[in-house]
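**Student:** give me a 3D structure for the following:
(2 chains)
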Amino acid sequence: MNYFPDEVIEHVFDFIASHRDRNSISLVCKSWHKIERFSRKQVFIGNCYAINPERLIGRFPCLKSLTLKGKPHFADFNLVPYEWGGFVLPWIEALARSRVGLEELRLKRMVVTDESLELLSRSFANFKSLVLVSCEGFTTDGLASIAANCRHLRELDLQENEIDDHRGQWLNCFPDSCTTLTSLNFACLKGETNVAALERLVARSPNLKSLKLNRAVPLEALARLMSCAPQLLDLGVGSYENEPDPESFTKLMAAIKKCTSLRSLSGFLEVAPLCLPAFYPICQNLISLNLSYAAEIQGNHLIKLIQLCKRLQRLWILDSIGDKGLVVVADTCKELQELRVFPSDIHGEEDNNAAVTEVGLVAISAGCPKLHSILYFCKQMTNAALITVARNCPNFIRFRLCILEPHKPDHITSQSLDEGFGAIVQACKGLRRLSVSGLLNDQVFLYIGMYAEQLEMLSIAFAGDTDKGMLYVLNGCKKLRKLEIRDSPFGNAALLADVHKYETMRSLWMSSCEVTLGGCKRLAQNSPRLNVEIINENENNRMERNEEDEREKVDKLYLYRTVVGTRKDAPPYVRIL
Amino acid sequence: MITELEMGKGESELELGLGLSLGGGTPAKIGGGGAWGERGRLLTAKDFPSVGSKRAADSASHAGASPPRSSQVVGWPPIGSHRMNSLVNNQATKSAREEEDAGKKKVNDDQPKDATKKVNGKVQVGFIKVNMDGVAIGRKVDLNAHSSYENLAQTLEDMFFRTNPGTIGLTGQFTKPLRLLDGSSEFVLTYEDKEGDWMLVGDVPWRMFTTSVKRLRVMKTSEANGLAARHQDPNERQRNQPM
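**Tutor:** A predicted model of the protein is given here:
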């Protein structure tokens, strides 16, 4: 069947990076399967319990880069108890035992320990890149091992992890011979930083392109760091605690002016707003700006900055920018592709007139023709606005709208928002990810099932009336991979209607819904290739009952397809049916 | 917000029943919030049902009122906990700074150039871990979403004593009844402070508590006797032993 020698085919395969395409190639014929197997360098595993390390290594012995995701998405919001699972140690142990030439490890929502980091640092001579996103379980001691032992380390990227900061000297652990760093991100560390060690490290890293500092790195240090690294593309500013004296400010401005390659700016974890003007000179070059942690900057300061960012493609911001600010964004940022607006006042303590509403959203949709991804937190919405947005922006790939108050209707007509979201799914034919909120009936799910043909991930909270809602989605969305539902009245009838559907998906999460233990048991009975996990947090109550009540509603249900059966590392309160 | 218990008492300055009341005692005893800060009382399981019924009383009297604030629903709004911690920390720092500014002139000039020290001396406040004896799972609770010990108890009750978190219906009421701990022993709420010592919750004013607490533990009274000793005279303890 092959007209070319294997080496040629392998060479062709080298050009195919996307793991989905790779998966497709491997299904063509046995020969291609074999060639693909041995040539695959990057492996992506969306659910670490869908497969085990031994089988992974067996199939892809030459892998160099591994991406693993652990806990379900709702773990980000504290809905998953933190000992649920997602431990990386067994993976690292298996890779080490099999002498895999691991160079890159990217983890999301996994439990990482200092022990695993130590093992990682000692087991792979060519290890280059560690990216940890929303992980937990380790301390700066683990980072110290990585720094000390990974001779060829290029990238250490820590995003939003829970790290116990022992205030040690982990930055000092990079040996003087380490000059290969290209990316260093420790913005999520809470403790003190040895600034002198950091400066020395940056000074000896000529290839450093991305540097993201934590709160503990003050203004004066920032100026010196930037002077050492004018080649930076991506900068995360730490902290400007107080207003700087004129001399520091001047030095900072001078340093910033030299960073002509800077394209991405973030951080501002604590900022005196009067320092922002130091960045004005490079704003015209920025394509990415993340001010979503800069709670102390008022709307008008944000606006002044953004007015200069004409090339912006990605903007993450707090709702303190206000509708007024979003209008400015719409007028200025014509290249904008992705926008995220986070709430700045979570506890609703201030009667915040400056927060964003449907007005801002409509303005953005009208002004930014390239917009394809949005995450928008707001206090109110209307169907009319959503219909307008749909008309203005049929290119959405990701549309996530979070109205802060559950069940909130259209604030002008008091109707549900089914029609508004319906318009979105109907217009945006390429929509892959959707989060809905506000007052919603089953109708919206009928629309989603009918129109959202490319939808892969759907998040539902406090929505729907009857099982029909969930059924519309399960029946209609052929490409659905992840479905997560909370506090919605969907029960056994919907859950059990098409059990085989779940084998075409990565996972299903349902919490505070109407599914019962009996329903989950029935589901599990007929599905050897699904793990059906019940998380029942109230052990006290469980122990008192002598017999199980199958009519008992299940707190949290998480089911996922797997080829390796029940996992052995679940804590006692997780029951796998 | 007025509890059922308080309504009969007419004590307007009550800091709400959560106090740490050893025991069984009468509702009047539990409601004696004036003892706040005078001596510690142990939190008992009986306090929780009273808090629960407070919510029922609340809902009844506020029928048709707006649903619970979005921040009081577990895991809502859907913001990552890291981001949440950062924002509440900023809010805390900001309000503390405002308090300082309101009082006297800015102290910025006098601050040492130590970037990690906050104006009000606070370090990270936000989600802290809570464990309960007999419950395998720990949880996390957002301290900054609470304004008082009573608030906090309410949340802890949700976490540990309810079988099925209720679905919030359109009227904003929790639809599931709260379940009492039938025949179970009494519990106390304790916390570990920055020095690593375990203390009874409730000894200090709320704000001071939030700055020094590292984590919480709902402990069985029998195990907490060592902590109780310094606050109770032996006679009182005797009277209130669990059955």
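
**Student:** which residues of the stretch 451-577 of chain A fall in helices?
**Tutor:** With DSSP state H, counting those that start in this stretch as the criterion, the stretch 451-577 of chain A has helices at A:467-476, A:492-496, A:517-525, A:539-544.

**Student:** for these, give me TSV that also has distance to A:Glu103.
**Tutor:** Just so you know, the C-beta spots here come from the backbone N, C-alpha and C atoms, and that holds for glycine as well. Shown next, in TSV, are those (distance: least, Cβ to Cβ, whole Å):
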stretch	distance to A:Glu103
helix A:467-476	40
helix A:492-496	42
helix A:517-525	39
helix A:539-544	43
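
**Student:** weakest of the ones you listed in terms of mean pLDDT?
**Tutor:** Lowest mean pLDDT of the helices of the stretch 451-577 of chain A: helix A:539-544, a mean of 50.

**Student:** between the helices of the stretch 451-577 of chain A, which gets nearest to chain B?
**Tutor:** Of all the helices of the stretch 451-577 of chain A, helix A:539-544 sits nearest to chain B, with 4.9 Å by Cβ to the nearest Cβ.

**Student:** around the residue lying closest to A:Lys482 once chain neighbours are set aside, how many other residues sit close by?
**Tutor:** Excluding the flanking residues, the one nearest A:Lys482 by Cβ to Cβ, 6 or more residues apart in numbering or on different chains is A:Met457, at 4.4 Å. A count of nearby residues for A:Met457, using other Cβ atoms under 10 Å in any protein chain shown, gives 20.

**Student:** nearest residue to A:Asp331 other than its sequence neighbours?
**Tutor:** A:Gly367 (6.0 Å).

**Student:** ditto for A:Gln415
**Tutor:** The spatially closest residue to A:Gln415, leaving aside those adjacent along the chain, is A:Pro409, at 5.9 Å (Cβ to Cβ, 6+ apart).

**Student:** ok, that neighbour - contacts?
**Tutor:** In this structure, A:Pro409 makes contact with A:415-417, A:438-439, judged by Cβ atoms under 8 Å, 6 or more residues apart in numbering or on different chains.

**Student:** please report how far it lies from chain B.
**Tutor:** 10 Å (Cβ to the nearest Cβ, to the nearest Å).

**Student:** cool, A:Ile424 as well?
**Tutor:** Distance from A:Ile424 to chain B, by Cβ to the nearest Cβ: 18 Å.

**Student:** residues in contact with A:Met505?
**Tutor:** By Cβ under 8 Å, 6+ apart, the contact set of A:Met505 is A:480-483, A:561.

**Student:** how does chain A divide into domains?
**Tutor:** The record's domain split for chain A, according to the TED database, is A:1-40, A:501-576.

**Student:** as CSV, those domains with distance to A:Asp234 would be great.
**Tutor:** CSV is the format used below for those (distance: least, Cβ to Cβ, whole Å):
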stretch, distance to A:Asp234
domain A:1-40, 22
domain A:501-576, 30
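
**Student:** most tightly packed of the ones you listed?
**Tutor:** domain A:501-576 (a mean of 17; mean count of other Cβ atoms under 10 Å in any protein chain shown).

**Student:** state the helix or strand in which the closest residue to A:Asn383 other than its chain neighbours lies.
**Tutor:** Excluding the flanking residues, the one nearest A:Asn383 by Cβ to Cβ, 6+ apart is A:Gly420, at 3.9 Å. Using DSSP states H and E, A:Gly420 falls within helix A:418-427.

**Student:** then that helix to PDB, C-alphas only?
**Tutor:** C-alpha atoms of helix A:418-427 as PDB (Å, rounded to 0.1, in the frame of the first residue of the first chain):
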ATOM      1  CA  ASP A 418     -33.600  31.600  25.600                       C
ATOM      2  CA  GLU A 419     -34.100  33.700  22.500                       C
ATOM      3  CA  GLY A 420     -30.900  35.700  23.000                       C
ATOM      4  CA  PHE A 421     -28.700  32.600  23.400                       C
ATOM      5  CA  GLY A 422     -30.700  31.000  20.600                       C
ATOM      6  CA  ALA A 423     -29.700  33.800  18.300                       C
ATOM      7  CA  ILE A 424     -26.100  33.200  19.200                       C
ATOM      8  CA  VAL A 425     -26.000  29.600  18.400                       C
ATOM      9  CA  GLN A 426     -28.000  30.100  15.200                       C
ATOM     10  CA  ALA A 427     -25.600  32.800  13.900                       C
END
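
**Student:** before we move on, what SS does the closest residue to chain B within the stretch 251-400 of chain A have?
**Tutor:** The stretch 251-400 of chain A approaches chain B most closely through A:Ala295 (3.9 Å), counting by Cβ to the nearest Cβ. For A:Ala295, the secondary-structure state derived from DSSP: H, G, I helix; E, B strand; the rest coil is coil.

**Student:** quick one on the thing from earlier: what about the residue nearest to A:Asp331, how many residues nearby?
**Tutor:** 19.

**Student:** would you list the contacts of A:Met505 in TSV and tack on pLDDT and distance to A:Gln380?
**Tutor:** Formatted as TSV, those follow (pLDDT from 0 to 100; distance: Cβ to Cβ, whole Å):
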residue	pLDDT	distance to A:Gln380
A:Leu480	98	29
A:Arg481	97	31
A:Lys482	98	28
A:Leu483	98	27
A:Arg561	96	39
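
**Student:** just those residues: which are in strands?
**Tutor:** Counting by DSSP state E, the contacts of A:Met505 place A:482-483, A:561 in strands.

**Student:** OK, contacts around A:Ala255?
**Tutor:** A:222-224, A:226-227, A:230.

**Student:** and the gap between it and A:Ile282?
**Tutor:** Using Cβ to Cβ, to the nearest Å, A:Ala255 is found at 11 Å from A:Ile282.

**Student:** for A:Asp319, same thing?
**Tutor:** From A:Asp319 to A:Ile282 the distance is 25 Å (Cβ to Cβ).

**Student:** of the two, who's got more company?
**Tutor:** The neighbour comparison of A:Asp319 against A:Ile282 (other Cβ under 10 Å) goes to A:Asp319, with 26 against 20.

**Student:** can you check what pLDDT the model gives that one?
**Tutor:** 93.

**Student:** ok, now the one 10 residues further on?
**Tutor:** The predicted local confidence for A:Val329 comes out at a pLDDT of 97.

**Student:** so it touches A:Val341, yeah?
**Tutor:** No - the pair A:Val329 / A:Val341 is not scored as a contact, 9.7 Å apart, by Cβ atoms under 8 Å.

**Student:** of the contacts of A:Pro409, closest to chain B?
**Tutor:** Of these, the one sitting nearest to chain B (Cβ to the nearest Cβ) turns out to be A:Leu439, at 8.5 Å.

**Student:** tell me which residues touch that closest one, please.
**Tutor:** Going by Cβ under 8 Å, 6+ apart, A:Leu439 touches A:407-410, A:415-417.

**Student:** equivalent analysis for A:Glu93, please.
**Tutor:** Per Cβ under 8 Å, 6+ apart, neighbours of A:Glu93: A:53, A:119.

**Student:** so how far is the one helix or strand it maps to from its chain's centroid?
**Tutor:** In this structure, A:Glu93 sits in helix A:89-97 according to DSSP H and E. From the chain centre to the centre of helix A:89-97 is a distance of 25 Å (Cα atoms, centre = their mean, to the nearest Å).

**Student:** could I get that helix in CSV with only the CA atoms?
**Tutor:** This file holds the C-alpha atoms of helix A:89-97, laid out as CSV (Å, rounded to 0.1, in the frame of the first residue of the first chain):
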residue,chain,number,x,y,z
LEU,A,89,3.6,11.0,40.4
PRO,A,90,2.6,7.6,38.9
TRP,A,91,3.1,9.2,35.4
ILE,A,92,6.5,10.5,36.2
GLU,A,93,7.5,7.3,37.8
ALA,A,94,6.4,5.3,34.8
LEU,A,95,8.1,7.6,32.3
ALA,A,96,11.3,7.5,34.3
ARG,A,97,11.3,3.7,34.6
